[in-house]
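# quick check, what structure comes out for this input:
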Amino acid sequence: MGNIQIGKYVLRHGLFLAPLAGVSDRAFREVCRAHGAEYTVSEMVSAKALCYEQKSRKALRTAPLASVFDYEMPMAVQLFGSEPDFLAEAARMIEKTSYNGCLSDTPPAAIDVNMGCPVHKVVSNGEGSALMKDPKRAAEIVKAIVGAVSLPVTVKIRTGWDPESKNAVEMAKRLEDAGATLIAVHGRTRADMYAPGVDYASIRAVKESVRVPVVGNGDIYTAADALHMIKETGCDGVMIARGALGNPFVFTEICAALEGREYTPPSVSERFATALTQVERMILEKGERIAIAEARKHLSWYIKGVSGAASARVEINRAETFDDMKRILENLK
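Model prediction:
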């Protein structure tokens, strides 16, 4: 466990923040990194949309999602799509940091390919976890990207499309042969979506079948969950998704457990201070109106379990300014 190398970066503990559509914006990634996440990944970026934007005169919506700044490193940009040529071209643009709408001041640490997203609008286009049904196409995508860039290419997969067609081992072997340098495995099939329960056996089977690092993902909410994942699968690192929502401190907790140190959970005041720091960063990035609308769900996650959270959540969903949110949290302490 740990000492995972991705390009020029070495992760001592192998603690990854998973890409979460509509959640893992720059502010969230920064807060998680401040609390121990060693590696972060962008929200999903549509390869085809990024390519088409180069010829469009409309407002650029995809390019900003692919932006990477030096202080965020190591960070990957995650692409999704089903056509190798588009994915290769998008990866090439991202590596060169020279395309219409590019905000980056550095290339990412890696190009990550999403082969795990289960939502209907993605899989209906043959993208995301739909690629679990087509290992040949999946390998062609990785091979095309590897041929287009000098950056490491990593992949996130599921255990299969459904319980009757679990093929994570075959998929992982093909991806490794195509040039993937790391594989993250979400321990559920697409049919499982996010239902409770993780298939540790499938993650272990992948780990035992490939030479590249394997990262385990699924139901990691505490240090105990992370240690259980490592014990059951032998994985090289862990990827935290929903466990970090409103709780970036989970990375600090896991790090302490791996190092055999005591962990003191944050007080309510410390949790709220972190929440407001995150909202402030969102406002700097997006402006107050958009940031406050997007921050409502984050604040609702931060106050979970606090006395009076239910009524406060109603107020949060009506909040229109940063001062509104600050007042709501102050009244909860």
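
# if I look at residue 114, how far off is residue 283?
28 Å (CB to CB, to the nearest Å). For glycine as for every other residue, the C-beta is placed from the backbone atoms N, C-alpha and C.

# likewise for residue 311?
Taking CB to CB, one finds residue 311 at 25 Å from residue 283.

# now do residue 37: how many residues are near it, please.
The number of residues packed near residue 37 is 27, by other CB atoms under 10 Å.

# how about it: what's its closest non-neighbour residue?
Leaving aside its sequence neighbours, residue 37 sits nearest to residue 17 (CB to CB, 6 or more residues apart in numbering; 4.3 Å).

# likewise for residue 219?
residue 198 (4.9 Å).

# quick one: contacts for the one you found?
187, 188, 218, 219, 229 (CB atoms under 8 Å, 6 or more residues apart in numbering).

# where do the helices sit along the stretch 101-250 of the chain?
With DSSP state H, counting those that start in this stretch, the ranges of helices along the stretch 101-250 of the chain come out as 120-123, 135-148, 168-178, 200-209, 223-233, 250-258.

# show me which residues of the shortest one are buried.
Under the neighbour-count criterion of 16 or more other CB atoms under 10 Å, helix 120-123 has 122, 123 buried.

# and if you look at the longest one?
Residues of helix 135-148 classed as buried by neighbour count (16+ other CB under 10 Å): 135, 137, 138, 139, 140, 141, 142, 143, 144, 145, 146, 148.

# nearest to residue 24, of these?
Nearest to residue 24 out of these is residue 145 (CB to CB; 21.1 Å).

# state the distance from that closest one to residue 108.
According to CB to CB, residue 145 stands 13 Å off from residue 108.

# same question for residue 257.
Counting by CB to CB - residue 257 and residue 108 are separated by 29 Å.

# isn't the residue nearest to residue 37 right up against residue 240?
Yes. If you go by CB atoms under 8 Å, residue 17 and residue 240 touch, sitting 6.2 Å apart.

# between those two, what contacts are shared?
With CB under 8 Å, 6+ apart as the test, residue 17 and residue 240 both reach 37, 251.

# so where's the stretch 51-200 of the chain shaky on pLDDT?
59 (pLDDT under 70).

# 90 - rerun?
Scanning the stretch 51-200 of the chain with the threshold set as pLDDT under 90 gives 54-61, 98, 100-101, 194-196.

# burial count for residue 189?
Residue 189, neighbours per other CB under 10 Å, totals 24.

# look at residue 5 and give its secondary structure.
strand (DSSP: H, G, I helix; E, B strand; the rest coil).

# with residue 42 instead?
strand.

# tell me the contacts of the nearest residue to it once chain neighbours are set aside?
The shortest distance from residue 42 to any non-neighbouring residue, by CB to CB, 6+ apart, is to residue 77 (4.7 Å). With contacts defined as CB under 8 Å, 6+ apart, residue 77 is in contact with 41, 42, 45, 66, 68, 94, 108, 111, 112.

# quick one: the helix or strand harbouring residue 77 to helix 135-148, angle?
Using DSSP states H and E, residue 77 falls within strand 75-80. Strand 75-80 and helix 135-148 are oriented at 140 degrees to each other (axes from the mean of the first three to the mean of the last three CA atoms, to 10 degrees).
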